[in-house]
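# sequence plus the predicted model coming up.
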Amino acid sequence: MTVVTGAGRGIGAATALHLARTGHDLALSYLSDHDSAARVLAAVRAEGARAVAVCGDVNDAGDVNALFAAAANLGPVTGLVANAGLTAHLGDLADTPVETVRRVLDVNLLGVILCARRATSDRRST
């Protein structure tokens, strides 16, 4: 069973569909677009995958725990695609507000670390 973050659209959605076609069951995380996540969920299930979609923010430890708890209902986690990412500001770094830089770092670095920590802690307990 594979966890894919940022699976509601774009690269995450395409990755989820590919994994479903190659036999993976999936736990899909998305931030806010329920309609898009529902379409991806339906598409991966149409490929024969067991799957669940979980709304949450990867830089929130509680949301990450909820994602992995939902994933555990499908079986042991054997893979993680830490795809969730954020650009948030296109322009010169010097013009980027500090809060925007923090949000980008939280999603793109802390989010990956929180998911990897949880994935590895789940593997140690099996």
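Ah, there it is. Numbers count the residues shown, from 1 in each chain.
# which strands and helices sit next to the lowest-mean-pLDDT helix or strand in the chain?
Lowest by mean pLDDT, DSSP states H and E among the helices and strands of the chain is helix 111-124, with a mean of 88. In this structure, helix 111-124 packs against helix 61-72, strand 79-81, with contacts taken as 3 or more CB pairs under 8 Å, 6 or more residues apart in numbering; DSSP states H and E. In short, each C-beta sits where N, CA and C put it, glycine included.
# take those and write them to JSON lines, including mean pLDDT and distance to residue 27.
Shown next, in JSON lines, are these (pLDDT from 0 to 100; distance: least, CB to CB, whole Å):
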{"stretch": "helix 61-72", "mean pLDDT": "97", "distance to residue 27": "3"}
{"stretch": "strand 79-81", "mean pLDDT": "97", "distance to residue 27": "10"}
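# need these in TSV with mean neighbour count, can you?
Below are those laid out as TSV (neighbours: other CB atoms under 10 Å):
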stretch	mean neighbour count
helix 61-72	18
strand 79-81	18
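# go through these and name the closest to residue 104.
The closest of these to residue 104 is helix 61-72. By CB to CB, the value is 17.7 Å.
# next, format the helices and strands packed on helix 111-124 as JSON lines and append distance to residue 25.
Output for these, formatted as JSON lines (distance: least, CB to CB, whole Å):
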{"stretch": "helix 61-72", "distance to residue 25": "9"}
{"stretch": "strand 79-81", "distance to residue 25": "10"}
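# from residue 101, how far out is the residue of the chain most remote from its centre?
When each C-alpha in the chain is compared with the mean C-alpha position (CA atoms, centre = their mean), residue 94 comes out farthest, at 29.9 Å. The gap separating residue 94 from residue 101 is 11 Å, by CB to CB, to the nearest Å.
# residue 62 too?
24 Å.
# just residue 81 next, same as before
25 Å.
# and the helices in the protein?
For the chain, the helices defined by DSSP state H occupy 10-21, 34-46, 61-72, 98-105, 111-124.
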